[in-house]
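Trainee: no FASTA, just this:
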């Protein structure tokens, strides 16, 4: 990264609240950061957007346990500023390249109260928002230290409308609440009961990414970037002042982090705009705050669509375990084991026939017969198949068919056990030609007392990302900490779940239609989610007449999710037999890309709707996805991004006129039109529905009988 | 093991305290166990020795956390009894074979209070004492469970004289206190401050093996056998009733153990005799309560004497770390790095010249420069040498000289890190021809919140024993949990420290002279200790004029320790240059065996004196060691164990007439005599002194000029 040291206008001015205050504006001038010290030496920062306050003066301080020091009053030793403008190429993603344009301000501070400890505060101001982090440089006065608390504050301007999930140390698999800040109650609703390993700690606590909307129409997103060697941050709202207070996930003995200088915290990020579309586009700011890729040769990194033996367990058609008892659904009778050699060959055949690269197989290894909820340390060994699963034969068969089996490592939360097996397990994958693993962390963590989102586990996830890279393996982590843009640094960490995925629709109260129009503003701000879309058999009573659940969607919405929920790893999650009944709709899943040159957010409102257009990487094809909540809507999208003077065929997969997520979810219509860059598409979305569009240049597809759009 | 089901006289009788009571006597009739249920269903047991009460009626119950059940009232479902007599061969030890003669009583019990849980209580009565354990058989009503408390009691008959160290979750490196039970105060004296990682929990708590003596001369030892998948037991004395209450070491979240049926606890052992010598000999009872060896091919197991680069760091002559700052002693100036290629070759040469098989090298690998007391997870990697240590060259050189380098794995207590490296580290040893490792667990444990003596670590030690066995490696663990006879099951777990070793003499208040006459009655009851005897340079001011410490011993006592402190692994701990000044005394260390066919405890009193004679394995040679506390003594030992009608040469290494552990520790005398099985040796021991004798048949040694003894 080239750094341009810039002659910056640093305003050292006296304000009513601060003794010393330094102002820095975003490159476009819309965002203004003010940081400084009060007369007593207390740190404070504030942010405005187009002269409207976003963050009122907010405190920044640190409390250590060892040494026993509170860093809350400082003397300002130095001010450094610089400006950065560079464009970097992604390994994969929503954009082929990303511009990192920001100004940086570094305050060198020293504890005023005797310890002599040096701390730096770094701010970066982008057009999209602000990031800040604490640094503890190499110094005589501080080497090893134990963090008791990070006391970062985000003092908001009012009782904003907020899209939140409860603060928790172990899970993020909640449905979202949409309330005012004053109405937050994280003490756990009905859906919290559906999650096994959870650790509630404060009824005013919420997780990030936290999406808010002010009464006067500003959109604000608070999260963190580059969560490395540090616990995840929750925020606890003080309802009297509307201040969010950082709350770090503790370890087994109540400490927050064990650090050694030089050390730095993750970036705390505040993204702000008066347009909801710009919030989603600003997930690039999170990436810009992460380190460049450490994977020297990324040639093994394999974005892909995949199918797998997985949904059939969730709907109760087959089981994870050999004995036939472990399924996602409540059921009493035994079902066949899913991961048999024969069934896997059926999926390999289906994948090969329809052009999928990967076949995930869950429940192939011993351990599933006795694991769930037991907090048992030695469950899985990751190399011993059930007797009806022939690893060598399937490896041979998959290779013959040009498909790769995706390994599955459910750790049952017993991470000490997994870490003992990792090398052996990855060598096993190498030996059998597998280059991707889905890992899972279901259940309470072992080491006991540690949490999914604490420093120890954050280090584990990074270790897993590094070690899989060493073995040229792509990794997709489920039940991990939510993402913070680290996939820039470790692009083989190709996705995570780390939120409530489509699976909950199979056996719980499910995900309400608004869920997928909130996730892009929250969980996906930090990185791709393996949401596992593509369910065509929406009513689940076909598997069992007593099964009441149905997916809260239409088929067309399931297609749209491949665009609106960006991931380089996308599952076609339903069963082959269900796709075979709807091959015309399935064509969209076959066509849709997973890597993109460019992305346009056409329309967006958190919790309501989202329309996204993306250009396939290295191709002239575009794809559009539009989704809505439980409200029917018509969304209009200009195709002005198409090449001028060129005709394209648009294939529109939309809800049928009478489609409805509750009453008529399977009804869809497919139409083809000729379009160009002057076309404005009008997409009608049913309640809980969506639309998906593929746009390919004329010449690459048959246009006989296709009419011009509108 | 052959089992003889015996028609046992089981007395079902009514007593005043119990509804049902079953009596069982030891094979020799001296010990009587009574076990039974009170009218309410509460379990109780009591023990007498030669009709004198040893354990008064004492309770036995269990409390679970998950399920939330207290097992304290039972119905008796069945009584089974059997008798056992078998003799098994040791892989190594104090005896070539050991007789396991005992009667067993099994009570099948069911919870009376609704849970329906089944529990068995197994008693084994030996001539030496009693062992009992709880079993939770495979059953419908109990699968996984979490133990909150084991409430085993040992109700003693009075205010016994007790040899104890404070109860602790993390360390056993205390000096011993000798007080009445009523005077126990475990809140930590001066020596406790010398230990870094310690976790005090109750001022009435003590560790086992706990040695006691009653006012009327009974010796009682309480410990446990076969500590597997369970936390270690401390005992807390109720001074009102002189009842010892079991207190298990908790885990990071306060639970005691995570178990799954079928499960069993370790054996709780009560050894009793009216002769102190018989207590020490009864360490065989602990072995008999352990499982036979699981090491299928023990040919790699290598009892041995070794030297090493180790004491020089303790006395401050060289350092563990490359930069020269890490030494045992307090000192300000830098010293040279100890583990250099050149220095190691010097030790290899010395070992080869004098017939030692092993050379331990500590401080050879990176990490020492920044580890102590930091609770840092990633310190050592166990495969990266400092730049001045050439592993390949030293491996070649050692092989050429017929010596093996002993690997050193200091884990710094970061066991998660060690477990990640174990396979790699053991492969590294295999590649470089090393077959023994000394491991260390200095510092607070990671996973944080776990303890050295908790279930998680107990499982780790067993895992380490198994994994080293898989790699054909002998392991010697320092700062581990104290032993419970598991070296029968894993004879490659060749020794442990797990008590206050000789090293404390180098830089702390040291070990008082009585320390070595207490350890055989306490720590060594559970298994061999790598005490590292053989210090000849007793005053340490030769290394630094300001160094005040001296070892609390005479040279002759250091020699005697090779017999009195049994271990199949014995270090000659001093520096080569110190041995070269006393080659005549060093001859004893060269001659003494580490494996034995037979052992006779000639005289013993805990805290006062000990004389032991041992017959070398597969040889007619005998060796005697006699030690005393700070009192001078004369000990008389009959040599009646020698073959009748045969003459032997006895070489006596004894304290000089004016020797004294404080004032004149280096003075010794060596004499040779002809002895036979009618000889009664009189050995004069100086204050804090000892005597060592080697006895070899005439014919194997030169007898010219040697006179008949007395």
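Mentor: Sure thing, it's come through. Because the structure is predicted, anything quoted here is derived from the model rather than measured.

Trainee: contact partners for residue A:128?
Mentor: A:271-273, A:278, A:281-282, A:284-285 (C-beta atoms under 8 Å, 6 or more residues apart in numbering or on different chains). Bear in mind the C-beta positions are built from the backbone N, C-alpha and C, glycine included.

Trainee: kindly apply the preceding question to residue A:497 instead.
Mentor: A:476-480, A:529-531.

Trainee: same check on residue A:667?
Mentor: A:554-555, A:655-656, A:658-659.

Trainee: now it: how far from chain B?
Mentor: Distance, residue A:667 to chain B, by C-beta to the nearest C-beta, to the nearest Å: 47 Å.

Trainee: tell me the phi and psi of whatever residue of the stretch 51-200 of chain A ends up closest to chain B?
Mentor: Relative to chain B, the nearest point of the stretch 51-200 of chain A is residue A:144 (4.7 Å; C-beta to the nearest C-beta). Backbone geometry at residue A:144, expressed as degrees, to the nearest 10, gives phi -80, psi 140.

Trainee: would you check that residue A:661 makes contact with residue A:689?
Mentor: Yes - with contact defined as C-beta atoms under 8 Å, residue A:661 counts as touching residue A:689 (6.3 Å).

Trainee: okay, and the common contacts of those two?
Mentor: Counting by C-beta under 8 Å, 6+ apart, the residues touching both residue A:661 and residue A:689 are A:553-554, A:557.

Trainee: top of those residues by neighbour count?
Mentor: Highest neighbour count within the shared contacts of residue A:661 and residue A:689: residue A:557, with 34 neighbours (other C-beta atoms under 10 Å in any protein chain shown).

Trainee: and it, how far is that from residue A:629?
Mentor: Residue A:557 is 10 Å from residue A:629, where distance means C-beta to C-beta, to the nearest Å.

Trainee: low pLDDT regions in chain A?
Mentor: A:1-19, A:190, A:330-332, A:700-701 (pLDDT under 70).

Trainee: please enumerate the helices of it.
Mentor: All helices of chain A, identified by DSSP state H, fall at A:276-281, A:283-288, A:311-314, A:341-354, A:391-400, A:415-431, A:455-470, A:504-507, A:515-518, A:555-564, A:576-580, A:583-591.

Trainee: what's the closest of the ones you listed to chain B?
Mentor: Set against chain B and scored by C-beta to the nearest C-beta, the helices of chain A come closest in helix A:415-431, at 5.4 Å.

Trainee: and stretch A:111-129, how far out from the chain middle?
Mentor: For stretch A:111-129, the distance from its own C-alpha centre to the chain's C-alpha centre is 28 Å (C-alpha atoms, centre = their mean, to the nearest Å).

Trainee: I misspoke; the intended subject was stretch A:24-43.
Mentor: With C-alpha atoms, centre = their mean, you get 30 Å for stretch A:24-43.

Trainee: buried set for it?
Mentor: By 16 or more other C-beta atoms under 10 Å in any protein chain shown, the buried positions in stretch A:24-43 come out as A:24-26, A:30-38, A:41-43.

Trainee: of all those, which two lie farthest apart?
Mentor: A:30 and A:41 (30.8 Å; C-beta to C-beta).

Trainee: hang on, the earlier thing: how about the contacts of residue A:497 in JSON lines, adding distance to residue B:205 and neighbour count?
Mentor: Putting the contacts of residue A:497 into JSON lines (distance: C-beta to C-beta, whole Å; neighbours: other C-beta atoms under 10 Å in any protein chain shown) gives the following:
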{"residue": "A:476", "distance to residue B:205": "49", "neighbour count": "27"}
{"residue": "A:477", "distance to residue B:205": "43", "neighbour count": "26"}
{"residue": "A:478", "distance to residue B:205": "44", "neighbour count": "22"}
{"residue": "A:479", "distance to residue B:205": "40", "neighbour count": "24"}
{"residue": "A:480", "distance to residue B:205": "41", "neighbour count": "23"}
{"residue": "A:529", "distance to residue B:205": "51", "neighbour count": "23"}
{"residue": "A:530", "distance to residue B:205": "51", "neighbour count": "25"}
{"residue": "A:531", "distance to residue B:205": "53", "neighbour count": "28"}
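
Trainee: quick revisit: from residue A:253, how far out is the residue of the stretch 51-200 of chain A closest to chain B?
Mentor: Distance of residue A:144 to residue A:253, computed by C-beta to C-beta: 16 Å.

Trainee: thinking again about what came up before, right, and the pair among the contacts of residue A:128 with maximum separation?
Mentor: Across those (C-beta to C-beta), the longest gap, 14.6 Å, separates A:272 and A:284.

Trainee: please report the number of neighbouring residues for the closest residue to residue A:375 other than its chain neighbours.
Mentor: Of all residues not flanking residue A:375 in the chain, residue A:444 sits nearest, at 5.1 Å (C-beta to C-beta, 6 or more residues apart in numbering or on different chains). Per other C-beta under 10 Å, the neighbour tally for residue A:444 reads 22.

Trainee: ok, now how distant is the residue nearest to residue A:665 when sequence neighbours are not counted from residue A:553?
Mentor: Nearest non-adjacent residue to residue A:665, counting by C-beta to C-beta, 6+ apart: residue A:538, 4.2 Å away. For residue A:538, the distance to residue A:553 (C-beta to C-beta) stands at 6 Å.

Trainee: what do those two both touch?
Mentor: With C-beta under 8 Å, 6+ apart, residue A:538 and residue A:553 have common neighbours residue A:665.

Trainee: apart from its chain neighbours, what residue comes closest to residue A:139?
Mentor: Residue A:139 sits nearest to residue A:118 (C-beta to C-beta, 6+ apart), 4.9 Å away.

Trainee: contacts only, for the one you found.
Mentor: Contacts of residue A:118 (C-beta under 8 Å, 6+ apart): A:77, A:108-111, A:136-137, A:139, A:141-142.

Trainee: count of residues packed around the residue of the stretch 201-350 of chain A found nearest chain B?
Mentor: Nearest residue of the stretch 201-350 of chain A to chain B: residue A:252, at 3.6 Å (C-beta to the nearest C-beta). By the measure other C-beta under 10 Å, the count of residues near residue A:252 is 21.

Trainee: and for residue A:268?
Mentor: 25.

Trainee: which of the contacts of residue A:667 tops the neighbour count?
Mentor: Neighbour max across the contacts of residue A:667 (other C-beta under 10 Å) = residue A:554, 32 neighbours.
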